[in-house]
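Trainee: what shape does this take:
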Amino acid sequence: MTNPIADPGHGHSPAAWTAVVIMLLGFTIGTVAFFLDLPAIVWASAALVLVGALVGWIMAKAGYGVKGPKYAPKAH
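Mentor: All right, here's what the predicted structure looks like:
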């Protein structure tokens, strides 16, 4: 029996990894800044999370996403 739902690729692409790393950095900085009561840095890190999402989207549109022409999947 074949599965009618195609594998979406699970985000193993340069665009996805770059977005996730930037957003994790933003969350980490924001958490530390929140603990140290530095509201300006908390807001800056929140902006960094949004920048990470934007960078991932731009990279995907530039062809570095899972189905992009510049993406070369590695054999497992």
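Trainee: in contact with residue 18, which residues?
Mentor: Applying C-beta atoms under 8 Å, 6 or more residues apart in numbering, we find residue 18 in contact with 52, 55-56, 59. (Glycine included, C-beta is placed from N, CA and C.)
Trainee: now do residue 43
Mentor: By C-beta under 8 Å, 6+ apart, no residues touch residue 43.
Trainee: now residue 23
Mentor: Neighbouring residues of residue 23 by C-beta under 8 Å, 6+ apart: 48-49, 52-53.
Trainee: of those - the most surrounded one?
Mentor: Ranked by the number of neighbours (other C-beta atoms under 10 Å), the contacts of residue 23 place residue 52 first, at 20 neighbours.
Trainee: which residues does it contact?
Mentor: Counting by C-beta under 8 Å, 6+ apart, residue 52 makes contact with 18-23, 25-26.
Trainee: got these as TSV, with pLDDT columns?
Mentor: Below are the contacts of residue 52 laid out as TSV (pLDDT from 0 to 100):
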residue	pLDDT
18	95
19	96
20	96
21	96
22	97
23	97
25	98
26	98
